[in-house]
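[1] Predicted model and sequence follow; I will ask about them next.
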Amino acid sequence: HLVKLLHYYAQTHCPFPICIGDSSEGPHLEKTKKALSLLEGRLKIIYREYPRLNDSQCIRELIRSVQTPYAVFVADDDFLISQGLEPCVRFLEKNPDYSAAHGLAVIYNLAARNGGNQIREVGKYRQPQLEEATAQERLLAHMRHYSVTLFSVHRREDWQKMYAAIELLKDKSFTEILPACLSAIKGKIKELNCFYLVRQNHEGRYLLPDYYDWVTHPDWFSSYCVFRDCVAKELAQKDNIRLDQAQQIVKQAFWSYLARGMSWEFNAKYAHGGNGIREKTKRLLKRIPLFKDHLLPTFR
């Protein structure tokens, strides 16, 4: 995937420096190094080897290598459109109250036949647009209709702050949700009318786990506490409110996120399961510290 992506940027004469965090080993590592040598002089590449680091840890380390005022993340199986990046940078330069900007995106599936290189389906990939006046309004709106902010162009210093607490998170899902929420708090997010991102949907793409399995995992609650404390602290500073007020807003925002996801998943999987499953779910939630005294309205 990475070699194909780099050839795309070379063919489209991408003018921006590209920082690569490589966690691969063995033949994959050698293949990448060979591709980089063939592309020497055609792209501005900053290459770093990070064996055994995951994606969020790589992002945290790579930000230290970024010299430009703006940065954007892309996975090796997706494509950022080179011509779509410059309008985002220009917009952020003129609008300091915005923390991020992106253009329009699509997501596609590849057919299994013909070596898996034939596009089968293409659809719109939703990204957030948050233009509420206050950080708490943006956070609540973001979590009611969650989508990923991390493919948007951000200022370099915001990236650094968004990933400062990543090492404290044991749960992988929070390594996406935490920086995405901090992005929404730091400023408004704009969607521009330009072609910007192509995402590939495939079996290896990371998705949030089953909500039941997620909230009952031993790593979940400790990671939630890190998330809550980081987001509440940033929210209190941004909106100039008390920390306890910020914590209540974070709680409300996260409830709406869980309520929407769990309600959808419950209806999709257990619509004909009867009240037995509902009662089982209620008993389960009572054993989780966050849910002990406040069951979701969906399950009442």
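    Received, thanks.
[2] Who are the contact partners of S223?
    S223 makes contact with 168-171, 174 under the criterion Cβ atoms under 8 Å, 6 or more residues apart in numbering. C-beta: built from backbone N, CA, C; applies to glycine.
[3] quick one: stretch 137-157 to chain centroid distance?
    With Cα atoms, centre = their mean, to the nearest Å as the basis, stretch 137-157 stands 8 Å off its chain's centre.
[4] For it, C-alpha coordinates in PDB please.
    Once non-C-alpha atoms are left out, stretch 137-157 reads as follows in PDB (Å, rounded to 0.1, in the frame of the first residue of the first chain):
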ATOM      1  CA  GLU A 137     -21.300  23.200  21.700                       C
ATOM      2  CA  ARG A 138     -18.800  21.700  19.200                       C
ATOM      3  CA  LEU A 139     -18.000  18.800  21.500                       C
ATOM      4  CA  LEU A 140     -21.600  17.900  22.000                       C
ATOM      5  CA  ALA A 141     -22.400  18.200  18.300                       C
ATOM      6  CA  HIS A 142     -19.400  16.100  17.400                       C
ATOM      7  CA  MET A 143     -20.200  13.300  19.800                       C
ATOM      8  CA  ARG A 144     -23.900  13.200  18.800                       C
ATOM      9  CA  HIS A 145     -22.900  12.500  15.200                       C
ATOM     10  CA  TYR A 146     -19.300  11.200  15.500                       C
ATOM     11  CA  SER A 147     -17.000  11.100  12.600                       C
ATOM     12  CA  VAL A 148     -13.200  11.100  12.300                       C
ATOM     13  CA  THR A 149     -11.400  14.500  12.400                       C
ATOM     14  CA  LEU A 150      -7.900  13.100  11.900                       C
ATOM     15  CA  PHE A 151      -7.800  13.200   8.100                       C
ATOM     16  CA  SER A 152      -8.200  17.000   8.300                       C
ATOM     17  CA  VAL A 153      -5.400  19.500   8.000                       C
ATOM     18  CA  HIS A 154      -4.400  20.800  11.400                       C
ATOM     19  CA  ARG A 155      -1.800  23.200  12.700                       C
ATOM     20  CA  ARG A 156       1.400  21.400  13.800                       C
ATOM     21  CA  GLU A 157       1.200  22.500  17.500                       C
END
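[5] Please pick the buried ones from the contacts of S223.
    Buried members of those, counted by 16 or more other Cβ atoms under 10 Å: 169, 171, 174.
[6] Let me know the closest of these to G103.
    Nearest to G103 among those: F174, at 27.3 Å, using Cβ to Cβ.
[7] Tell me if I'm right that the closest one and C225 touch.
    No - checked against Cβ atoms under 8 Å, the pair F174 and C225 is beyond contact range at 10.1 Å.
[8] now for the top helix by length along the chain, which elements pack on it?
    When the chain is parsed with DSSP state H, its longest helix is helix 243-270. Contact partners of helix 243-270 among helices and strands, from 3 or more Cβ pairs under 8 Å, 6 or more residues apart in numbering; DSSP states H and E: helix 135-144, helix 211-215, helix 220-239, helix 275-286.
[9] Can you tell me which of the buried ones among the contacts of S223 end up in helices?
    Residues of these located in helices (DSSP H): F174.
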